[in-house]
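> no sequence on this one, just coordinates:
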């Protein structure tokens, strides 16, 4: 079995679903070393926008149209980065807080533009992992709750890279906590 290489990923988008809304930025980092990181902003490949989404992250669609990377190039750059950090006997594992949301955009864009997703067909959700490890209710798995517990109340900035790095820090703490529990039982 290949060793698992955990990669924290966060995205910012123009809305809630990739069929109608553009992926605008991708941030990723190694869970074990968040300074090993990737960040890219994409040119929007569709025009529909959600005012709510834009208010959350504050990215300018006008600026991204001019200065963003075309989607195919952005996804190739991300795939190349994943490949460059993944050792010969390693398997990259997509890790995110609320992975279903981030995963659907990343998976859709990889398949649409490259025909393959270097992460394969699965993702690890930090919220579900935390719930399983601690026994808390789903309502206690929000980023706000976890950041209060793990990040000294530091909260999301809605910059994809900064959020990926915060998520990596949280996931690393949860992994460390669960290995302590496993080794003491």
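Ah, there it is. All of these numbers come straight from a predicted model, not from anything done at the bench. Numbering: from 1, shown residues only.
> quick one: least confident helix or strand in this structure?
helix 143-150 (a mean of 70; mean pLDDT, DSSP states H and E).
> tell me the bridge partners for residue 5.
Residue 5 has these beta-bridge partners by DSSP bridges: residue 92.
> residues near it, how many?
By the criterion of other Cβ atoms under 10 Å, residue 5 has 18 neighbours. C-beta coordinates here come from the backbone N, C-alpha and C atoms, glycine included.
> for residue 166, same thing?
Neighbour tally, residue 166, other Cβ under 10 Å: 26.
> does it belong to a helix or a strand, and which?
helix 160-184 (DSSP states H and E).
> may I see the buried residues of that helix?
Of all the residues in helix 160-184, those buried under the rule 16 or more other Cβ atoms under 10 Å are 160-172, 174-175.
> what's near enough to touch residue 157?
Residues in contact with residue 157 (Cβ atoms under 8 Å, 6 or more residues apart in numbering) are residue 163.
> switch to numbering from 54
Okay, using 54 as the starting number, the last item reads as residue 210.
> so it, which of the three states?
coil (DSSP: H, G, I helix; E, B strand; the rest coil).
> okay, it and residue 98: tell me how far apart.
Distance of residue 210 to residue 98, computed by Cβ to Cβ, to the nearest Å: 25 Å.
> also residue 137?
Counting by Cβ to Cβ - residue 137 and residue 98 are separated by 25 Å.
> pick out whichever of the two has more residues nearby.
Shown here are residue 137 and residue 98; by other Cβ under 10 Å, residue 98 has more neighbours (18 against 9).
> for that one, what are phi and psi?
phi -100, psi 10 (degrees, to the nearest 10).
> what residue, apart from its backbone neighbours, is nearest it spatially?
In space, and not counting its chain neighbours, residue 98 is closest to residue 124: 4.7 Å by Cβ to Cβ, 6 or more residues apart in numbering.
> list the residues that contact that neighbour.
With contact set as Cβ under 8 Å, 6+ apart, residue 124 has these partners: 76, 95, 96, 98, 162, 165, 166.
> among the residues you listed, which one lies nearest to residue 150?
residue 76 (17.1 Å; Cβ to Cβ).
> bridging residues for that closest one?
residue 66.
> quick check: it touching residue 162?
Yes. Between residue 76 and residue 162 there is a contact at 5.3 Å, judged by Cβ atoms under 8 Å.
> so for those two, which sits in the more crowded spot?
residue 76 (27 against 23).
> for that one, give me its contacts.
Per Cβ under 8 Å, 6+ apart, neighbours of residue 76: 64, 66, 67, 95, 98, 124, 158, 159, 161, 162.
> quick one on the thing from earlier: identify, from the contacts of residue 124, the entry nearest to residue 172.
Distances from residue 172 to the contacts of residue 124, taken by Cβ to Cβ, are shortest for residue 162, at 11.9 Å.
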